[in-house]
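Chemist: Could you look at this predicted model? Sequence included:
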There are 2 protein chains.
Amino acid sequence: MTARPASALGAGPPLPGRRRTPLLSLALDRGSATALQQQLYDQLREVILAGGLAPGSRLPSSRALAAELGCSRNTVVTAFDQLLSEGYLEGQAGSGTFVSRVLPEDLLGLAPARPGQKEGKAARETTDPKTLLSARGQALTALRRRRHGPERAFLPGIPETMEFPFDIWTRLHSRLWRHPSASLLRLGTPAGLQTLREAIARYLATFRGMTCDWRQVIVTTGAQQALDMMIQLLLEPGDRVWIEEPGYPGIRGPLIAAAADPVPLPLDGEGLMVSQGRRRAPSARAAIVTPTHHYPLGTTMSLARRLELLEWAREAGAWILEDDYDSEYRYAGRPLASLWSLAAGREEAARVIYVGSFSKVLFPSIRIGYLVVPESLIDAASAAQSALGTQPTAVLQPVLAAFIEEGHFATHVRRMRRLYAARQAALVAAAERHLAGLLEVPADDAGLHLMAWLAPELAARLDDRAVTETAAEAGVAISPLSDYFMGKPDRQGLLLGYAAVPEDEIEIGARRLGEALRASR
Amino acid sequence: MTARPASALGAGPPLPGRRRTPLLSLALDRGSATALQQQLYDQLREVILAGGLAPGSRLPSSRALAAELGCSRNTVVTAFDQLLSEGYLEGQAGSGTFVSRVLPEDLLGLAPARPGQKEGKAARETTDPKTLLSARGQALTALRRRRHGPERAFLPGIPETMEFPFDIWTRLHSRLWRHPSASLLRLGTPAGLQTLREAIARYLATFRGMTCDWRQVIVTTGAQQALDMMIQLLLEPGDRVWIEEPGYPGIRGPLIAAAADPVPLPLDGEGLMVSQGRRRAPSARAAIVTPTHHYPLGTTMSLARRLELLEWAREAGAWILEDDYDSEYRYAGRPLASLWSLAAGREEAARVIYVGSFSKVLFPSIRIGYLVVPESLIDAASAAQSALGTQPTAVLQPVLAAFIEEGHFATHVRRMRRLYAARQAALVAAAERHLAGLLEVPADDAGLHLMAWLAPELAARLDDRAVTETAAEAGVAISPLSDYFMGKPDRQGLLLGYAAVPEDEIEIGARRLGEALRASR
């Protein structure tokens, strides 16, 4: 009464010294967290499915089986009832119970998996991703990014999360959710909660000089999902799309999902080279750009280039997806007006879609972003969120709306702006002390990371991926610029994130990085 | 000094009695919420872009303009600085400021939108969804569902949200988020927070008899997004997919997005007719089914049919997506083992994907669901959530994990089960009193709604959509079964949701519905 028979029963040769009477192999484990009737049910089902009890064969009475198993009759009756209701057994408990005859014999051939089978063809078919996934699925999974790691110096793309005012956040959450209105609990409009859309519209008007109706704001699960949804809506499979090279790796997934055809375009000091795009893909259907502060180079697209881009979009009837992912973090000067603002009131306004995110301003795991769409796309964007089930949770939306409306958002941004400016200055200074002759680390007016350029002496012996590996061995996390290219990188560089790194760790990280790079000679 | 010049400047003929000297049309509005320097900046920019100031033309000194506008010189200097930094102006404020010459003349032709233009071709092109959206986008937006409305009797698909223990929920939220660990704030694994995945795995083991490793649980933004992501991963464009007819309308969007080819299959009393599928699309790549409790008919798929479906999946190398959307709400008997459990330990286990949702058990706007995937798909599902940016917020995940682990979830389900059972009984009784001869409303062992069948007398004069309209005019919200068919409906019926309707409103709703239908004669 100690062996667990389960799936071994009826498969393989009989064990020596053990009778092939399936019900005698039933065993209840009183130490298990699983209820006895559940155990009995599971085991009987296994025996039946494994063919250990033929269709039509009679089971012992519940009384007899209970005595044999040393359990209460009720346990057996409950398990039988369940098997009867599911069609494994026939008859009435008490007046004779039989294995169901209506189970077609050929369906009972579902063989339990055997260890040896793992190497067979069937097993390979169901474990090899190449066979399992669609071509699209394979391309999507190949994008896996190597960005997870501890938040030490100098992993890019991470804000300082420990400074976020969670006391205020939880207070707002409690206020809004202890007695929520019924309207908060319903699915609501897929475009997002009205109060949050209004708060975002007002925020954009105040801080970004953008004039839009709150209805044009669509709440999303971050900037990437926003791009994914718009690309699905707007592009046909095979449509060409201008993207920045290097650029934000997060757009590759949405482009794959939509079967769009990316056209990576280089940048010069004024931003995306529109002239190259006009030459290589004049009739592309969309351009995805980060004009405020290019990701990851930090270039600001010049006004002339912006106008050139808008002009092309008008001529080509193309869409511009403006990803304004970090406009909050500018430390010198004011940001240029967004493309969205530049187009406002003009024909091009119907062509520009603005994408924003709270992941960098609040904390990455919050996963809330938004779109500002032309009026002509409001209904479509809302319908697409509903049709794809990508509408984000409503639980955070009133909390974030109150956080913005009551001024906590602006306060937090101002505090972080000062903190990040100081950290960037600390990184520049530490780089001068510890990385001179190895890396050039020019200051930037904005952002959460600095670009570091390999000095000729270093570039002569290591590429940026090798530098990254050397750094990782010394406990310093950086990202190679090469990872941000879809094609062959035309330059080598490193991203040094500083926003989440306290100044003393910046100093230590820079010193360690310098030591490691000098030692790698 | 009162006219707002803005975008009208430089377009169209000069207004009579108004000099075409653009700067004289500048006007600052002290009553506006917009700062004076921002107003000045906006207006100057508009004038330049509209061609009101030619490239190279000199601007008045900041002192002179300030005097003219009656504002401080600082206001003008700030606006000039911004325009200088953005490239609209050249030179140094103070020593002469000019409109930038590097703005190519041809780019300045961006004409401001004029009222008359709205009727022109360009305007039409950018407002007609047919022209704007991709074919996929048009199909997605055409799916708009007509399900939004007040939660009165008898809108289906809505749980009782007012009974949710928000006091417990907000307490857990405060406990976990007042001083969150750094790991909660990072983006984390795209498959979801480990504690929640563990809690779901344990919950499924206890309540659903499913044995899975927590790593096989992938947290999603609801069941629909879960289906969308898996379909993207697994299906090629054009792949055929068995779906239930009638069935869950939420799968249509994901199928459109993936360009899959749905094969709607009828149901009989044992569930999806696998034999029909084998005849019409034997080599389909997937089947999407609700075997526990068919949506919306309520049919439970028989064991024989389940085995037949698994057998087909094995032969065809097809996927089974098992949508177990409401397994918590069963009022009589125990649910059948899931397809996932039935396949466990067998070759078919690698073919079955289980989909669950918290929207019906907690509240619809929470938007959390999950997948249980075969081991071979864990990495792919996680990578796809990352690649598409669909990973849901982490804020709710530890709260939900604690809610489940501390027993509040089970308590809530038990309470709601009693409440819904009583409401269903009330609906059946009210239907006997008020709807006899019009609708047959048989009881169901599970679910949040009952199917109502049109009695011959009613069916002879109205179809289910007409009944729905008649009901709506009388203030009773129901859903016609026809809406759940992709093709031509083969039967007429109504969905009467009862879960969110108190018993007294059930009585009133049934009476009103009866009166309205009798009056419609």
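Modeler: Yep, it's here. Numbers count the residues shown, from 1 in each chain, chains lettered A, B, ... in the order given.
Chemist: going forward, measure contacts between C-alpha atoms and count neighbours the same way
Modeler: Will do.
Chemist: any idea which element A:Pro262 lies in?
Modeler: Using DSSP states H and E, A:Pro262 maps to strand A:261-265.
Chemist: Can you list the helices and strands that that strand packs against?
Modeler: Other elements packing on strand A:261-265 under the criterion 3 or more C-alpha pairs under 8 Å, 6 or more residues apart in numbering or on different chains; DSSP states H and E are strand A:240-244, helix A:274-280.
Chemist: Using the record's assignment, carve chain A into domains.
Modeler: A:1-116, A:179-405, A:411-519 (automatic domain parsing).
Chemist: Helices of the stretch 401-521 of chain A, residue ranges please.
Modeler: A:408-434, A:456-459, A:464-473, A:503-519 (DSSP state H, counting those that start in this stretch).
Chemist: Any regions of chain A where pLDDT drops low?
Modeler: A:1-25, A:50-52, A:85-86, A:92-95, A:101-130, A:144-151 (pLDDT under 70).
Chemist: out of the helices of the stretch 401-521 of chain A, nearest to chain B?
Modeler: Checking the helices of the stretch 401-521 of chain A against chain B by C-alpha to the nearest C-alpha gives helix A:408-434 as the closest, at 15.8 Å.
Chemist: Now that closest one: buried residues?
Modeler: A:408-410, A:412-413, A:416-417, A:419-424, A:426-432, A:434 (16 or more other C-alpha atoms under 10 Å in any protein chain shown).
Chemist: likewise stretch A:229-249?
Modeler: Buried, per 16+ other C-alpha under 10 Å, within stretch A:229-249: A:229-237, A:239-249.
Chemist: Then stretch A:171-181?
Modeler: Quick answer for stretch A:171-181 (16+ other C-alpha under 10 Å): A:Leu172, A:His173, A:Ser174, A:Leu176, A:Trp177.
Chemist: how about the CA coordinates for that stretch, as PDB?
Modeler: Extracted C-alpha coordinates of stretch A:171-181, given in PDB (Å, rounded to 0.1, in the frame of the first residue of the first chain):
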ATOM      1  CA  ARG A 171      -2.500  56.800   0.000                       C
ATOM      2  CA  LEU A 172      -4.100  57.800  -3.300                       C
ATOM      3  CA  HIS A 173      -4.700  54.100  -4.100                       C
ATOM      4  CA  SER A 174      -6.500  53.500  -0.800                       C
ATOM      5  CA  ARG A 175      -8.600  56.700  -1.100                       C
ATOM      6  CA  LEU A 176      -9.800  55.600  -4.600                       C
ATOM      7  CA  TRP A 177     -10.100  51.900  -4.200                       C
ATOM      8  CA  ARG A 178     -11.500  51.400  -0.600                       C
ATOM      9  CA  HIS A 179     -14.900  52.300  -1.900                       C
ATOM     10  CA  PRO A 180     -14.600  52.400  -5.700                       C
ATOM     11  CA  SER A 181     -17.400  53.700  -7.800                       C
END
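Chemist: How far does that stretch sit from its chain's centre?
Modeler: 28 Å (C-alpha atoms, centre = their mean, to the nearest Å).
Chemist: Stretch A:391-399 now?
Modeler: That offset, for stretch A:391-399, works out to 17 Å (C-alpha atoms, centre = their mean).
Chemist: Need the contact partners of that stretch.
Modeler: Residues from elsewhere that reach stretch A:391-399, judged by C-alpha atoms under 8 Å, 6 or more residues apart in numbering or on different chains: A:169, A:172-173, A:176, A:184-185, A:187, A:190-193, A:195-196, A:219-221, A:368, A:385, B:221, B:365-368, B:392-393.
Chemist: Please flag which of these sit within helices.
Modeler: A:Trp169, A:Leu172, A:His173, A:Leu176, A:Leu184, A:Leu185, A:Thr195, A:Leu196, A:Gln385 (DSSP state H).
Chemist: Settle this for me: the second one is touching A:Phe403, isn't it.
Modeler: Yes - the pair formed by A:Leu172 and A:Phe403 meets the contact definition of C-alpha atoms under 8 Å, at 7.5 Å.
Chemist: follow-up on the earlier one: which two among the buried residues of stretch A:171-181 are spaced furthest apart?
Modeler: A:Leu172 and A:Trp177 (8.4 Å; C-alpha to C-alpha).
Chemist: can you list residues touching both of the two?
Modeler: Joint contacts of A:Leu172 and A:Trp177 (C-alpha under 8 Å, 6+ apart) do not exist.
Chemist: closest point of the stretch 151-300 of chain A to chain B, which residue?
Modeler: For the stretch 151-300 of chain A, C-alpha to the nearest C-alpha, closest residue to chain B: A:Leu233, 3.9 Å.
Chemist: looking at it, that residue is touching B:Arg136, isn't it?
Modeler: Yes - using C-alpha under 8 Å, A:Leu233 is in contact with B:Arg136, at 6.5 Å.
Chemist: where does A:Ile158 sit relative to A:Trp169, distance-wise?
Modeler: Distance from A:Ile158 to A:Trp169, counting by C-alpha to C-alpha, to the nearest Å: 20 Å.
Chemist: Please apply the same query to A:Tyr41.
Modeler: In terms of C-alpha to C-alpha, A:Tyr41 sits 48 Å off from A:Trp169.
Chemist: before we move on, what about A:Val274?
Modeler: 43 Å.
Chemist: Could you pick out the residues of the stretch 151-300 of chain A near chain B for me?
Modeler: In this structure, the stretch 151-300 of chain A approaches chain B at residues A:158, A:161-162, A:166-167, A:169-171, A:173-174, A:177-180, A:182, A:184-188, A:206, A:221-225, A:228, A:232-236, A:250, A:252-254, A:257-258, judged by C-alpha under 8 Å from any C-alpha of the partner chain.
Chemist: 7 Å instead?
Modeler: A:161, A:166-167, A:170, A:174, A:177-179, A:185-187, A:221, A:224-225, A:228, A:232-236, A:250, A:253-254 (C-alpha under 7 Å from any C-alpha of the partner chain).
Chemist: What about these, which are in strands?
Modeler: Members of those lying in strands (criterion: DSSP state E): none.
Chemist: Neighbours of the residue nearest to A:Ala387 when sequence neighbours are not counted, how many?
Modeler: For A:Ala387, ignoring the flanking residues on the chain, the nearest one in space by C-alpha to C-alpha, 6 or more residues apart in numbering or on different chains is B:Gly253 at 4.6 Å. If you count neighbours by other C-alpha atoms under 10 Å in any protein chain shown, B:Gly253 ends up with 29.
Chemist: pretty sure B:Gly253 is in contact with B:Thr141, am I right?
Modeler: No - when contacts are counted by C-alpha atoms under 7 Å, B:Gly253 is not listed as touching B:Thr141 (8.8 Å).
Chemist: Just give me how far the strand holding A:Pro262 sits from the chain centre.
Modeler: The answer for strand A:261-265 is 23 Å, by C-alpha atoms, centre = their mean.
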